[in-house]
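A.B. asks: Here is a sequence with its predicted model. Questions after.
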Amino acid sequence: MTPIVLPVQPLTPSAFAPFGEVLALEGADSFPINGGRTQRFHALGRVRCLGRDANVVLSIFRGQPLVPPVLDLMERHPLGSQAFMPFSGSAYWVIVAPPGVFDPDAIQAFLARGDQGVNYFAGTWHAQLLPCDPDADFLVVDRDGAGQNCDIVRLKPPRTWC
């Protein structure tokens, strides 16, 4: 089955607003702390964690590029947000669709710079981690706890973006 080619747009806060938050220092509120030796870039995103017996967890994901770049599934986490912040400084792909009933015609592709993170809103459909470079490390903030928090859909036909 021939993949559908997704147009790719730059990751900007306004373009990504329906899906989550862009985590970046550019344009962020900041103020000095620790006697002026540290600049705090405050509240870049909000962690959402729904349900009882749930916690916010910090993890490191080490990702590999998808070769060839053909996406055949997407997932969502209905009980909490999920944030990705790259450590390596390399770019990565962000492929999303709005929360709710999955609409394959609403899939959008973004190219994130290595200094930008994303915080997917609870329920936002998204691709798995798609780094451009091998062994790319990401800080991941998400929910851990009771309840079914990962739904998967298969894409027919699959999608490609580059």
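C.D. replies: Sure thing, it's come through. Keep in mind it's a predicted model, so treat the numbers as computed, not measured.
A.B. asks: which residues of the protein score low on pLDDT?
C.D. replies: Residues of the chain meeting the criterion pLDDT under 70: none.
A.B. asks: Now for the residue nearest the centre of it: which residues touch it?
C.D. replies: Computing the C-alpha centroid of the chain and ranking residues by C-alpha atoms, centre = their mean puts residue 118 first, at 4.4 Å. Counting by C-beta atoms under 8 Å, 6 or more residues apart in numbering, residue 118 touches 11, 16, 19, 20, 21, 22, 23, 83, 84, 94, 112. Every residue, glycine included, has its C-beta placed from N, CA and C.
A.B. asks: repeat that with 7 Å
C.D. replies: Applying C-beta atoms under 7 Å, 6 or more residues apart in numbering, we find residue 118 in contact with 16, 20, 22, 23, 83, 84, 94, 112.
A.B. asks: With residue 92 instead?
C.D. replies: With C-beta under 7 Å, 6+ apart, residue 92 has these contacts: 86, 112, 130, 131, 132, 136.
A.B. asks: Now do the phi/psi pair for the fourth one.
C.D. replies: For residue 131, the backbone dihedrals are phi -70, psi 150 (criterion: degrees, to the nearest 10).
A.B. asks: That one: how many residues sit nearby?
C.D. replies: A count of nearby residues for residue 131, using other C-beta atoms under 10 Å, gives 24.
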